[in-house]
Structure formats: C-alpha cells, structure tokens
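Chemist: All I have is the shape, not the residue letters:
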C-alpha cells in the first residue's frame, strides 16, 4: 500500500504529509470522524484516490484520500467500537460471563477511564440488551472488590482502570481521608459500612473513621446539627 500511495504522491493526487496517516487507517481498518462517528473502512481506491467507509448513518461513504487522512482518526482493532463491528458475539459472551474483562476493555478503549454514562452508551443495547441496572449492580460489586478499578462515589466521576492493584481498604480509606466536609465524608463512611466484611483489617479502618467523624461532629453540632446527628447514627 505504501508503494501505491507514493505513486499517488508523485502524481500530485495525495500530499506526502498524508501517507503515514493513510497507512495507519488502512492498517487499523476502523476510524472515527468528529461528526459522523465510528466507521469501518471497506476499500481504498488508489486509481481515483478515494476511500470507502461505512458509518452508521452513512454506509458506503466515499471520501477523497487527502480529506480522509486529515479528518479520520484510526481506531485500533482491539477498541470496543472495533470489536463491536467485527466480533460482537464474543462481547456478548463476555458480558454474560466476564463482567470485569468487558469493563476493562471499555475503559482501556477510552484511555483508561470512562464515566458510567459512557460505559452504558457503548454497551447498551448492542451488547447488553437485557436489564442494564441489574447487570451493572452485579458488575459494580465485582469492580469494588477488584484492586485494579477505582469506582468513585459520585456517578458523574469516571471509573478508572489501573495496572497496579490497590486493596479495597486502601481505596475506601483514601477516599475517606480525601473527602472534603462532613457530608462528603459521610457518603464514603456509608460505603465503608457496606463493604465492611470485605476489608482486610476492618478494626483499624473503623477506628480511624470513627475518630475522624467524632472530630467533624464536634465542629458541626451547632452549625449543622442535622448532619451531625446523621454522623452520630453512622458511628
């Protein structure tokens, strides 16, 4: 393909600056366009210097090679969108049997992190056609136990995949210490309570949490008595 593209450069049909980008597009076989979204490359015509690509709403779309090189971003074959286009059955099987593998694939496809909304958009309904809420509750429970995933308390914050494993206790206590304000700390405290049986050293975690909450309660009894009372019940 490189030799054919070099001929197009010599003929003035393609800019030399486009050659590397076109080679990457051909090699990956998939691409993303800012407006038209994900597409699968179907053919490259080196006679007329055009590329044919299937977008979801523009199947069989023909593009000038130079324009394609400048407007398309190559998508690797192991990207979740490429896998959906080439081997969706294996993804559906993964969704049924290996929740964490599927979520890891999604996160790595988006640079190591993605919000819950992004995960849902890419999986539903093509891969998960049944009850998404039920599937996610099971998957979320597994995520929290696995040391490679950081699951935020706020749903709008991204879920993060990290190669280095961090224990559930380390993650929750880190969130607890970093929480700003009693309300935010109570939210993490409730997560601690939910996952207490899965902590490696729950006595140490509980002792630290109680000590910090007691300090917060003392400073909020007059200014925010309702919140302070809620913290007392948590303890």
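Modeler: Received, thanks. Quick caveat, the model's predicted, so the values are computed rather than measured. Numbers count the residues shown, from 1 in each chain.
Chemist: is it true that residue 79 touches residue 31?
Modeler: No: with contacts counted by C-beta atoms under 8 Å, residue 79 stays clear of residue 31, the gap being 10.5 Å. C-betas here are computed from N, CA, C, even on glycine.
Chemist: So these two - more neighbours on which side?
Modeler: Between residue 79 and residue 31, residue 31 has the larger neighbour count (other C-beta atoms under 10 Å), namely 25 against 20.
Chemist: Read off the pLDDT value for that one.
Modeler: Listed pLDDT for residue 31 reads 98.
Chemist: and the end-to-end length of stretch 55-64?
Modeler: Taking C-alpha to C-alpha, to the nearest Å, the span from the opening residue of stretch 55-64 to its closing residue is 15 Å.
Chemist: Can you give me the separation between the spatially closest residue to residue 199 that is not a sequence neighbour and residue 205?
Modeler: What sits nearest to residue 199 in space, not counting adjacent residues and going by C-beta to C-beta, 6 or more residues apart in numbering, is residue 169, at 4.5 Å. For residue 169, the distance to residue 205 under the criterion C-beta to C-beta, to the nearest Å works out to 6 Å.
Chemist: For those two, list the residues in contact with both.
Modeler: Taking C-beta atoms under 8 Å, 6 or more residues apart in numbering as the contact criterion, the common neighbours of residue 169 and residue 205 are residue 199.
Chemist: show me where the protein has strands.
Modeler: Using DSSP state E, the strands of the chain run over 30-33, 37-45, 50-55, 61-64, 72-74, 113-114, 149-150, 159-161.
Chemist: Looks like the residue nearest to residue 199 contacts residue 201 (just checking).
Modeler: Yes: Residue 169 is in contact with residue 201 according to C-beta under 8 Å; the separation is 6.5 Å.
Chemist: Looking at the strands of the chain, which is nearest to residue 14?
Modeler: strand 61-64 (8.9 Å; C-beta to C-beta).
Chemist: buried stuff in the closest one?
Modeler: Of the residues in strand 61-64, those scored as buried under the neighbour-count criterion (16 or more other C-beta atoms under 10 Å) are 61, 63.
Chemist: so what secondary structure elements neighbour it?
Modeler: If contacts are counted by 3 or more C-beta pairs under 8 Å, 6 or more residues apart in numbering; DSSP states H and E, strand 61-64 sits against strand 50-55.
Chemist: Adjacent strands (with direction) for the strand it packs on?
Modeler: With DSSP bridges as the criterion, the sheet partners recorded for strand 50-55 are strand 37-45 (antiparallel), strand 61-64 (antiparallel).
Chemist: ok now that strand, how far from the chain's centre?
Modeler: Taking C-alpha atoms, centre = their mean, to the nearest Å, one finds the center of strand 50-55 at 27 Å from the center of the full chain.
Chemist: contacting residues around that strand?
Modeler: Contacts of strand 50-55 (C-beta under 8 Å, 6+ apart): 22, 25, 31, 33, 36-45, 60-65, 68, 72.
Chemist: change it to 7 Å
Modeler: Strand 50-55 is contacted by residues 31, 33, 36-37, 39-44, 60-65, 68 when judged by C-beta atoms under 7 Å, 6 or more residues apart in numbering.
Chemist: Among the residues you listed, name the buried ones.
Modeler: The neighbour-count criterion (16+ other C-beta under 10 Å) marks 31, 33, 36, 39, 40, 41, 44, 61, 63, 65, 68 among those as buried.
Chemist: Save those as TSV, and put in distance to residue 186 too.
Modeler: What follows is these, written out as TSV (distance: C-beta to C-beta, whole Å):
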residue	distance to residue 186
31	47
33	45
36	46
39	47
40	48
41	52
44	58
61	53
63	54
65	58
68	53
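Chemist: Walk me through the domains of the chain.
Modeler: Under the assignment automatic domain parsing, the domains of the chain span 2-74, 80-145, 168-234.
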